[in-house]
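**Q** any chance you could fold what I've pasted below:
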Amino acid sequence: MEFQLQQLAENKFAFLNEQAGEKLAEITWQQNGSVMVMDHTYVSDKLRGQGVAKQLLDQAATYARENGYKMEAVCSYVVAAFEKSDAYNDVKQ
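**A** Numbering: from 1, shown residues only. The predicted model follows:
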């Protein structure tokens, strides 16, 4: 699944997937200097159980790595993913 980077406000960004004008998946963050404050993850019922939330988080983590950013987990999904996996240790704040 492909996700587009979108600037939502001055310091608010998202990776999202929309089809036919319907938002199907999204992960959002506030950019605070070099820290991505991960504040929301959404996956439509149509896509639940397909690993889409992990794909969103992986895309955000890749973006963080490419830009030298750290990620602060605020969203409950990101908090849980950070606790369960060491794959994000290099980008965790």
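**Q** which residues in the protein form helices?
**A** Counting by DSSP state H, the chain has helices at residues 52-67, 76-84.
**Q** give the buried residues for the last one.
**A** To tie it back to what came earlier, the one meant is helix 76-84. Residues 77-78, 81-82 are the ones in helix 76-84 that count as buried (16 or more other Cβ atoms under 10 Å). (Glycine included, C-beta is placed from N, CA and C.)
**Q** which of these sits closest to Gly21?
**A** Compare each of these with Gly21 using Cβ to Cβ and the shortest gap goes to Tyr77, at 24.5 Å.
**Q** who's in contact with the residue nearest to the closest one when sequence neighbours are not counted?
**A** For Tyr77, the nearest residue in space outside its immediate sequence neighbours is Thr41; the separation is 4.2 Å by Cβ to Cβ, 6 or more residues apart in numbering. Under the criterion of Cβ atoms under 8 Å, 6 or more residues apart in numbering, the neighbours of Thr41 are 26-28, 53, 56-57, 75, 77-78.
**Q** for the longest strand anywhere in the chain, what is the average pLDDT?
**A** Assignment by DSSP state E gives strand 22-32 as the longest strand of the chain. Strand 22-32 carries an average pLDDT of 97.
**Q** how close does the closest residue to Ile27 other than its chain neighbours get to Gly33?
**A** Of all residues not flanking Ile27 in the chain, Leu56 sits nearest, at 4.0 Å (Cβ to Cβ, 6+ apart). Distance from Leu56 to Gly33, counting by Cβ to Cβ, to the nearest Å: 22 Å.
**Q** got it, and Phe13?
**A** Phe13 sits at a distance of 14 Å from Gly33 (criterion: Cβ to Cβ).
**Q** what of Tyr42?
**A** Relative to Gly33, Tyr42 is positioned 25 Å away (criterion: Cβ to Cβ).
**Q** neighbour count winner among those two?
**A** Just comparing Tyr42 and Gly33: by other Cβ atoms under 10 Å the higher neighbour count belongs to Tyr42, 17 against 8.
**Q** and for the more buried one, nearest residue in space, chain neighbours not counted?
**A** According to Cβ to Cβ, 6+ apart, the nearest residue to Tyr42 is Glu26 (4.7 Å).
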